[in-house]
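Visitor: pasted the sequence and its predicted model underneath.
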Amino acid sequence: MPRYEFRCRACGTTFEVNRPMAESGAPASCPEGHGDTVKLLSTVAVGGAARSSAPAPSAGGGGGGGCCGGGCCG
């Protein structure tokens, strides 16, 4: 379930709320009981290397059409 971060305008407390995405825009009450809160923009950090599903080019050249790739140079 997604976690959303809020800040209370009355006391400055920052807090998190777990709720379904369908309720992401719903207001949240401060843990201190204040109702004047604002949802903060959160960033997502994702680590790791990107992977491609495309095959890697083969070594040794060969085949692509075009001059010098298709054998028309000589």
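Guide: Thanks, I have the structure now.

Visitor: around residue 19, how many other residues sit close by?
Guide: Taking other C-beta atoms under 10 Å as the criterion, the count of residues near residue 19 is 13. Using the backbone N, CA and C atoms, a C-beta is placed for each residue, glycine as well.

Visitor: how far away is it from residue 48?
Guide: Residue 19 is 27 Å from residue 48, where distance means C-beta to C-beta, to the nearest Å.

Visitor: please apply the same query to residue 18.
Guide: Residue 18 sits 25 Å away from residue 48, taking C-beta to C-beta as the criterion.

Visitor: so these two - more neighbours on which side?
Guide: Counted by other C-beta under 10 Å, residue 18 and residue 48 do not tie: residue 18 has more neighbours, with 8 against 5.

Visitor: helix/strand/coil for the closest residue to residue 37 other than its chain neighbours?
Guide: Setting aside the residues directly before and after it, residue 37 is nearest to residue 6 in space (C-beta to C-beta, 6 or more residues apart in numbering), at 4.7 Å. Classification of residue 6 into helix, strand or coil gives strand, according to DSSP: H, G, I helix; E, B strand; the rest coil.
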